[in-house]
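Student: Take a look and give me a structure for this.
(chains A and B)
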2 protein chains.
Amino acid sequence: MSNDRNLQVLLKARPSGAPKESDFACVESPMPRIGAGQFLMRNLYLSLDAGFRQWMNEGAGDGYLQAMALNEPVMGLVLGTVIESRHPDYSIGELIMGRTRWESYSVADGTDYMAKMAAVDPEIPLSYYLGILGPTGLTAYFGMRDVGQPRAGETVLVSTAAGAVGSVAAQIAKIHGCRAVGLTSTDEKCRWLVEELGLDAAINYRQPGGLEAGLARHCPDGVDVYFDNVGGRTLDTVLAHLRIGARVVMCGALAAYNEAEPIPGPYNMFKIVTQRATLKGFMVTDYVAEYPAAIQQLTTWLKEGRLMNAEEMVEGVENTGAAFCRMFAGGNRGKLVVKVATAEG
Amino acid sequence: MSNDRNLQVLLKARPSGAPKESDFACVESPMPRIGAGQFLMRNLYLSLDAGFRQWMNEGAGDGYLQAMALNEPVMGLVLGTVIESRHPDYSIGELIMGRTRWESYSVADGTDYMAKMAAVDPEIPLSYYLGILGPTGLTAYFGMRDVGQPRAGETVLVSTAAGAVGSVAAQIAKIHGCRAVGLTSTDEKCRWLVEELGLDAAINYRQPGGLEAGLARHCPDGVDVYFDNVGGRTLDTVLAHLRIGARVVMCGALAAYNEAEPIPGPYNMFKIVTQRATLKGFMVTDYVAEYPAAIQQLTTWLKEGRLMNAEEMVEGVENTGAAFCRMFAGGNRGKLVVKVATAEG
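Tutor: Reported below is the predicted structural model:
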């Protein structure tokens, strides 16, 4: 193992707009050594999450996390095993999910987010725990269930429906007996959403007529629940199509991540009043106590075939930056996970 | 009575921005005659409500009400007594609150909003039933109680706090044991809010530093409940000061009523996510079944001296237009009601 190299992906430039490959560089670093109170993880999988884009901005940080440093490894969620430990609470062989960096090996001290994967189901591929059974799947689960409160027969619209969160949120709406309609950016992904994922309809918002025409066609009676991953103009347009009593799950604001300047909010705010709509923001981390039960429920749905895992696996740390960029170009279907080359080592 | 004249206030021009006196004209019309299925009301009080401004716009109407017609009497809420009737359900002497027009006498057929005032408390001035015990008071009551859900010790911020809805909403927050902070447009109204209405603090958003400085001073730990009557930039600024779990009562969008072009919504929408905030719109008319209990509660608070009626009475139909304009200039304190000159006739 001491012969091993530590591949790391550095943030070379703060992305301007959508991230591009040259914002990242993969370098080979010496194997890290641990000090007292630290442990070493061999990373098996890296999770790619759009939400981390915002921490690449200069001066980002609002008390939750600080901006990433230039020329340092990119911050990210990883799944790995402890291979050395000088920390009393972490033992060799333990499986850990934590926020470290895009790299083959991570040193950690347990002060950042770090969760022991105590109850991994042997029938479930490990990478699922970064996606459909991890933060993105749990975000979809709690957002749809607790905030969206879908009722059978309602029309549920999901933005970035082909993404890691959206693909799960839309399927959960189906499980609740709703009509699920997804928004995405290509006809090919539209077909995939309907034919593979089982959505009732999908709207390619880049088509002529765009979102407005798609909503007129596929949500003619309006939208009861809107699961919003993007904010911006999409939210604005959907507000004009809300039904009375509609709920908007405010899950993220992808549209804002790439913008240098703040973008204006919806022009149709008055619709919130006339439609007695509720917009509710939530953070999945508020539900930590309910994670085990949620993972159990999602696992059951997976085994029953009622929920399909949508995942794209990329091989090798060196391909992480490119995969992250592809996600912002709408190139992925479901959760993007990087399999660390040294996983089998 | 046949010698009587019917004073009517016509909409002469659609207001551009804030309404001005020349948008209205008071004319003397012949006494109206009723046909089969109609009844005649002698109006005692006219209610001035900012929300009606939007129906003065060309092409207004979204299924709730239609745009007002030019050179026709302005639509408005009135309180009057039936003095002639050819309608089986309305009898002479009955006290009625209904949506008719700014005029001394109104012909109605009961198809528009028309409510019999069966349970008027003899100890309460009649005009209160258009204000603190009417739509504006009920809007404050249900908005604050059901949507805001104020808890003792929380900080509640109310926009247009010196207005008909805001003045009641802020007092209800106090009754719930909250710290009530009001927004208004003059130092004189700030003093009135604190010294007369008993608010804990008031912010003159037109002062140097404006809303931002006022919030820093009077809501240093943030806002738990924001009762929003205005939308626009004020909402945007307040979003940046929400506490975790905050509720925003979306009651109206005064800022938009005077604008020819749609105004952009908040730039700080992402705060809704990070603060797990809820923005919820509501329409008081959804609570019709609960009106009697609410009026009873408000009446009890009035008699106990826990709630102060803030009302400005204007005399004479001919002064209605000017009073309506003054409301948009922030010149009123509490509910504006016009006493119809013929009330004693």
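Student: Would you mind listing the buried residues in stretch A:288-295?
Tutor: Under the neighbour-count criterion of 16 or more other C-beta atoms under 10 Å in any protein chain shown, stretch A:288-295 has A:290, A:291, A:294, A:295 buried. (Glycine included, C-beta is placed from N, CA and C.)
Student: got it, and stretch A:176-190?
Tutor: When burial is assessed from 16+ other C-beta under 10 Å, stretch A:176-190 yields the following buried residues: A:176, A:178, A:179, A:180, A:181, A:182, A:183, A:184, A:185, A:186, A:189, A:190.
Student: Quick check: bridge partners of the third one?
Tutor: To tie it back to what came earlier, the one meant is residue A:179. residue A:155 (DSSP bridges).
Student: average model confidence for stretch A:123-134?
Tutor: Averaging pLDDT along stretch A:123-134 gives 95.
Student: Can you list the buried residues in that stretch?
Tutor: Buried residues in stretch A:123-134, counted by 16+ other C-beta under 10 Å: A:124, A:126, A:127, A:128, A:129, A:130, A:131, A:132, A:133, A:134.
Student: Quick check: the third one is in a strand.
Tutor: No - with DSSP: H, G, I helix; E, B strand; the rest coil as the criterion, residue A:127 is located in helix rather than a strand.
Student: quick one: pLDDT of the spatially closest residue to residue A:196 that is not a sequence neighbour?
Tutor: Of all residues not flanking residue A:196 in the chain, residue A:308 sits nearest, at 7.0 Å (C-beta to C-beta, 6 or more residues apart in numbering or on different chains). At residue A:308, the pLDDT value in this model is 96.
Student: Pretty sure residue A:308 sits against residue A:193.
Tutor: No - applying C-beta atoms under 8 Å, one finds residue A:308 not in contact with residue A:193, separated by 11.0 Å.
Student: I'd like to know how far residue A:334 sits from residue B:49.
Tutor: 51 Å (C-beta to C-beta, to the nearest Å).
Student: Could you do residue A:82 as well?
Tutor: Distance of residue A:82 to residue B:49, computed by C-beta to C-beta: 66 Å.
Student: More neighbours: these two, which one.
Tutor: residue B:49 (22 against 19; other C-beta atoms under 10 Å in any protein chain shown).
Student: Tell me how far that one lies from residue B:333.
Tutor: 16 Å.
Student: Residue A:103 contacts residue A:8, doesn't it?
Tutor: Yes - counting by C-beta under 8 Å, residue A:103 does reach residue A:8; the two are 4.1 Å apart.
Student: So for these two, which residue has more residues nearby?
Tutor: For the pair residue A:103 and residue A:8, the greater number of neighbours falls to residue A:103 (27 against 23), based on other C-beta under 10 Å.
Student: show me what contacts the more buried one?
Tutor: A:6, A:7, A:8, A:9, A:29, A:43, A:73, A:317 (C-beta atoms under 8 Å, 6 or more residues apart in numbering or on different chains).
Student: How about residue A:186, nearest residue that isn't a chain neighbour?
Tutor: Per C-beta to C-beta, 6+ apart, closest to residue A:186 is residue A:204, 6.2 Å.
Student: okay, now the one you found: neighbour count?
Tutor: Residues within reach of residue A:204, counting by other C-beta under 10 Å, total 20.
Student: Which single residue of the stretch 101-250 of chain A ends up nearest chain B?
Tutor: Relative to chain B, the nearest point of the stretch 101-250 of chain A is residue A:250 (4.9 Å; C-beta to the nearest C-beta).
Student: Now do the same contact list for the nearest residue to that residue once chain neighbours are set aside.
Tutor: Spatial nearest neighbour of residue A:250, chain neighbours left out: residue A:281 (4.1 Å); criterion: C-beta to C-beta, 6+ apart. Contact analysis of residue A:281 by C-beta under 8 Å, 6+ apart lists A:250, B:271, B:272, B:273, B:274, B:275, B:276, B:277, B:278.
Student: ok, which stretches of chain A are helices?
Tutor: Secondary structure of chain A, counting by DSSP state H: helices at A:135-142, A:164-175, A:187-191, A:210-218, A:232-239, A:254-257, A:270-274, A:291-304, A:320-328.
Student: does the second one come close to chain B?
Tutor: No - no part of helix A:164-175 sits near chain B under the criterion C-beta under 8 Å from any C-beta of the partner chain; the closest distance found is 12.6 Å.
Student: what angle do that helix and helix A:320-328 make?
Tutor: Computed by axes from the mean of the first three to the mean of the last three C-alpha atoms, to 10 degrees, the angle separating helix A:164-175 from helix A:320-328 equals 50 degrees.
Student: Quickly list what the closest residue to residue A:78 other than its chain neighbours is bridged to.
Tutor: What sits nearest to residue A:78 in space, not counting adjacent residues and going by C-beta to C-beta, 6+ apart, is residue A:43, at 4.6 Å. Residue A:43 has these beta-bridge partners by DSSP bridges: residue A:80.
Student: go on, residue A:250?
Tutor: Residue A:250 forms beta bridges with residue A:228, residue A:281, as assigned by DSSP bridges.
Student: How many neighbouring residues does it have?
Tutor: Neighbourhood size, residue A:250 [other C-beta under 10 Å]: 28.
Student: Contacts only, for it.
Tutor: Taking C-beta under 8 Å, 6+ apart as the test, what residue A:250 contacts is A:147, A:228, A:231, A:279, A:280, A:281, A:282, B:269, B:272, B:273.
Student: How about the contacts made by the fifth one?
Tutor: In this case it means residue A:280. Shown in contact with residue A:280 (C-beta under 8 Å, 6+ apart): A:147, A:247, A:248, A:249, A:250, B:272, B:276, B:277, B:278, B:279.
Student: Same check on the fourth one?
Tutor: If you count contacts by C-beta under 8 Å, 6+ apart, residue A:279 has them with A:248, A:250, A:272, B:272, B:278, B:279, B:280.
Student: which one of those residues is nearest residue B:338?
Tutor: Using C-beta to C-beta, residue A:272 comes nearest to residue B:338 of the contacts of residue A:279, at 31.2 Å.
Student: Could you verify my assumption that the closest one touches residue A:236?
Tutor: No - counting by C-beta under 8 Å, residue A:272 does not reach residue A:236; the two are 11.5 Å apart.
Student: If you count surrounding residues, which of those two has more?
Tutor: Using other C-beta under 10 Å, the more surrounded residue of residue A:272 and residue A:236 is residue A:272, with 26 against 20.
Student: Just give the nearest non-adjacent residue to that one, would you?
Tutor: Using C-beta to C-beta, 6+ apart, the closest residue to residue A:272 is residue B:281 (3.9 Å).
Student: Low-confidence ranges, chain A, go.
Tutor: A:1-3, A:62-64, A:252-263, A:341-345 (pLDDT under 70).
Student: Quick one: end-to-end length of stretch A:94-110, please.
Tutor: One end of stretch A:94-110 to the other measures 13 Å (C-alpha to C-alpha, to the nearest Å).
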